[in-house]
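Chemist: predicted structure and sequence below. I'll ask about it afterward.
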Amino acid sequence: MKKYLPPFIIFLVSTLTSCGQKTFDEKMESLYKNTVPLIKADSLKPRLTDVVLLDTRAQEEFQISHIQGARFIDYDNFELNQVADIPRDQEVIVYCSVGYRSERVGEKLQKAGYTKVKNLYGGIFGWKNEGFEVIGPNNLPTDSVHTYNRLWGKWLYKGTKVY
């Protein structure tokens with residue numbers, strides 16, 4: 001019996017780890033409640049000047065890089081008075097690292113009467129993974145993206161990971 005134990009353990013570990021691996025799309029689908037309509041990066045890119053773009057990450061994440069034209073809205077301290085200047089019928093796109101936090105902010109905006117709120121699919125990770133530019137300090141292009149932590153960093157395929 002003892003000589004069968006190591007191969008069994010190896011088989012069990014390899015089976016469990018392979019079952020736990022997900023693609024980027026599978027991971028995103030598992031995160032979203034689908035309460036806020038999604039917009040893909042390639043659909044947003046040509047419309048950046050027509051929408052209000054809200055970055056819902058933490059200040060340190062925003063400072064490393066963000067999508068050009070984005071306005072910082074801290075997820076942890078979000079209050080509706082921060083967006084009082086935005087007309088309720090204006091198209092608003094929210095994003096964070098992957099879209100979870102931004103979906104929560106999007107829900108609050110919808111509840112407050114904003115009628116054209118969308119969540120960027122895959123967040124800034126999805127944006128960067130599609131090859132689109134992010135800007136850092138002094139509004140200069142950068143490859144750096146704050147990945148929240150090492151665990152979430154595995155979903156950023158393009159760019160320099162910053163923790």
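Modeler: Arrived safely, thanks for sending.
Chemist: any idea how far Asp55 lies from Leu120?
Modeler: For Asp55, the distance to Leu120 equals 10 Å [C-beta to C-beta, to the nearest Å]. To be clear about C-beta, it is placed using only N, CA and C from the backbone, and glycine gets the same treatment.
Chemist: same check on Asp25?
Modeler: 14 Å.
Chemist: got it, and Phe132?
Modeler: Going from Phe132 to Leu120 by C-beta to C-beta gives 11 Å.
Chemist: where does this protein dip in pLDDT?
Modeler: 1-21 (pLDDT under 70).
Chemist: show me where it has strands.
Modeler: Assigned by DSSP state E, the chain shows strands spanning 38-39, 52-55, 71-72, 92-95, 117-120, 134-135, 141-142, 144-146, 160-162.
Chemist: tell me the most buried of these?
Modeler: Ranked by mean neighbour count under mean count of other C-beta atoms under 10 Å, the strands of the chain are led by strand 92-95, which reaches a mean of 28.
Chemist: appreciated, that's everything.
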